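Novice: Sequence plus the predicted model coming up.
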Amino acid sequence: MTQIKTLAEFIVERQHEFTYATGELTQLLTSFRLAAKIVNREVTKAGLAEDILGAQGTENVQGEAQQKLDVYANNVFIRMLRSQGEVCAVASEENDDIVHFDNGGKYVITMDPLDGSSNIDVNVSIGTIFSIYRRISTGPKATKEDFMQPGTAQVAAGYIVYGSSTMLVYTTGHGVNGFTLDPGIGTFCLSHPDMKTPAEGKIYSINEGNWLEFSDGVRKYVDDCKSKKLSARYIGSLVADFHRNLIKGGIYLYPGTQKAPKGKLRLLYEANPLAFIVEQAGGKATDGAQRILEIKPTELHQRTPLYIGSSAMVDKAMAG
Ligand code: AFP
């Protein structure tokens, strides 16, 4: 029988790679590991559980309708992070402002607790995305400055995809590893060690419904994908599209459009964590002009165009 390695064992085994106190990383990742299982339980019974599907009747800061599961997942991740004590503040897609824990923790988190909300009620893959930063301010409370660090300052990042199986994928800057949840024993087990993305792929992912709004360069690139008979695959959940392309090779594009020059996606809790992961897997992430990880954020909910995936494809897309 092949030996099974659990996420908990793996974190402990690899914690020496972490620059700061090793136990801190274990605590941080434990929060995500546990919260992911709880959210997974609710996501997988969404059609059965009463009062968990549908709209919450509120909007987030982007003016998007919040789903009940969005709010539920946000509460679970925040509760877990608060209880571990390493994190002093969180910036979440679902909260207008920074959520403070007032506990002197040395880390701040950015997260999209449930990405792809429009897919929740229709049984299509959704995900959680997170980044971990070391706090840089020294006062009693974390400040906006702690969250305005470029993506290069991330100490860890990861995502959870709730799909045909549930996976947690993370990096601390020493490669990317993926863990699949065994629902029978309720444990994440190492299933995708040292993930690498192919330099070239056969998949392009973009919402072509926005065609009329695209720049000439983006249209030219999409036409080029078609002329090479690449496959178009677009789920509408960034995590799921990203995860598939990471494994198979491909590119995901959410460019700026005439109406929204900065696109739709958020820098702090969508683009940056996935950019860190894709680079660690040998791929690339840009906003069409510059490396995502080098953008200096100015706003918590800042948007950015995103070109992410196999390196040769991202280079070609940027060349227009
Ligand atoms: P929702 O969480 O509002 O469904 O948005 C999901 C998302 O941020 C990302 O996960 C998708 O890839 C992208 O938006 C889809 O956007 P379009 O519907 O405009 O293609």
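Specialist: Received it, and whenever you're ready, just let me know what you need.
Novice: what element comes up after the helix or strand of the chain with the lowest mean pLDDT heading to the C-terminus?
Specialist: The helix or strand of the chain with the poorest confidence is strand 65-67; it has a mean of 62 (mean pLDDT, DSSP states H and E). Downstream of strand 65-67, the next assigned helix or strand under DSSP states H and E is helix 68-84.
Novice: State the number of residues packed around S118.
Specialist: 13 (other CB atoms under 10 Å). Quick note: C-beta positions are derived from backbone N, CA and C, even for glycine.
Novice: How about it, nearest residue that isn't a chain neighbour?
Specialist: G236 (6.3 Å; CB to CB, 6 or more residues apart in numbering).
Novice: do the same with G201
Specialist: G249 (2.7 Å).
Novice: how many neighbours does that neighbour have?
Specialist: G249 - counted by other CB under 10 Å - has 20 other residues nearby.
Novice: got it, and R233?
Specialist: Counted with other CB under 10 Å, residues neighbouring R233 total 17.
Novice: about what we covered before: contact partners for the residue nearest to G201?
Specialist: 197-203, 309-310 (CB atoms under 8 Å, 6 or more residues apart in numbering).
Novice: Convert the lengthiest helix in the chain to CSV, retaining C-alpha atoms only.
Specialist: Counting residues, the longest helix found in the chain (DSSP state H) is helix 22-44. Written as CSV, here are the backbone C-alpha positions of helix 22-44 (Å, rounded to 0.1, in the frame of the first residue of the first chain):
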residue,chain,number,x,y,z
THR,A,22,8.1,27.6,12.5
GLY,A,23,5.2,27.0,14.8
GLU,A,24,3.5,30.1,13.5
LEU,A,25,3.2,28.7,10.0
THR,A,26,1.7,25.5,11.3
GLN,A,27,-0.9,27.5,13.2
LEU,A,28,-1.7,29.7,10.2
LEU,A,29,-2.2,26.8,7.8
THR,A,30,-4.1,24.8,10.4
SER,A,31,-6.7,27.6,10.5
PHE,A,32,-7.2,27.3,6.7
ARG,A,33,-7.1,23.4,6.8
LEU,A,34,-9.8,23.3,9.5
ALA,A,35,-12.0,26.1,8.0
ALA,A,36,-11.8,24.5,4.6
LYS,A,37,-13.2,21.2,5.9
ILE,A,38,-16.1,23.0,7.6
VAL,A,39,-16.9,25.1,4.5
ASN,A,40,-16.5,22.0,2.3
ARG,A,41,-19.1,20.2,4.5
GLU,A,42,-21.6,23.0,3.9
VAL,A,43,-20.8,23.4,0.2
THR,A,44,-21.3,19.7,-0.5
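Novice: Good, wrapping up.
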